[in-house]
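Peer 1: Sequence plus predicted model, see below.
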Amino acid sequence: MARPKDHHELVVWQKAMVLTREVYAATNSFPREETFGLKMQIRRAAVSIPANIAEGHGRLTDLQFRHFLGNARGSLSELQTEFELARDLGFIEAQTSEAVMKLSGDVARLLNGLIASMPANINSKG
């Protein structure tokens, strides 16, 4: 797989950035007592997704990149779980939750596709 020269060119990174901005907007209305609780945990998970994609892209090998894409996928799963909990607790309206969850599904599909396109063995050089 030939990597783009810059992580900004990766559609998955671009979409993860959109997701992160949407998560920030959606969590603005959380109760004050959640400022340092679920709100911050959700935001950290969201930021971790594009950050891991960018960090992995900056690594020297495809194997290292693949590892960070796996980290991004783990953060995405964390985000989805926490967002679902926030919805269940009434912190987020159903319509907002559906939009963010749809976007997170798009990011998941892009991440999974990119991961699947990369070599999985240790002898791979990027």
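Peer 2: Nice, thanks for sending it over.

Peer 1: where along this structure do the helices fall?
Peer 2: 11-27, 38-57, 62-88, 94-116 (DSSP state H).

Peer 1: ok now the longest one, how far from the chain's centre?
Peer 2: Taking CA atoms, centre = their mean, to the nearest Å, one finds the center of helix 62-88 at 5 Å from the center of the full chain.

Peer 1: swap in the last one?
Peer 2: Here helix 94-116 shows a centroid-to-chain-centroid distance of 8 Å under the convention CA atoms, centre = their mean.

Peer 1: just stretch 106-123 next, same as before
Peer 2: 14 Å.

Peer 1: C-alpha coordinates for that stretch, CSV please?
Peer 2: What follows is stretch 106-123, C-alpha atoms only, in CSV (Å, rounded to 0.1, in the frame of the first residue of the first chain):
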residue,chain,number,x,y,z
ASP,A,106,-18.6,5.5,8.7
VAL,A,107,-15.3,6.0,10.5
ALA,A,108,-15.3,2.4,11.6
ARG,A,109,-15.8,1.2,8.0
LEU,A,110,-13.0,3.3,6.7
LEU,A,111,-10.7,2.2,9.5
ASN,A,112,-11.5,-1.5,8.9
GLY,A,113,-11.0,-1.1,5.2
LEU,A,114,-7.6,0.6,5.7
ILE,A,115,-6.5,-2.0,8.2
ALA,A,116,-7.5,-4.9,5.9
SER,A,117,-5.5,-3.4,3.1
MET,A,118,-2.3,-3.4,5.1
PRO,A,119,0.1,-6.2,5.6
ALA,A,120,-0.3,-7.9,9.0
ASN,A,121,3.0,-9.7,9.3
ILE,A,122,6.2,-8.6,11.0
ASN,A,123,8.3,-8.8,7.9
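
Peer 1: Outside of that stretch itself, which residues are in contact with it?
Peer 2: Stretch 106-123 has contacts (CB atoms under 8 Å, 6 or more residues apart in numbering) with 1, 10-12, 15-16, 19, 49, 53, 62-63, 65-66, 69-70, 72-73, 76, 124. Where you see a C-beta, it was placed from the backbone N, CA and C, and this is true even at glycine.
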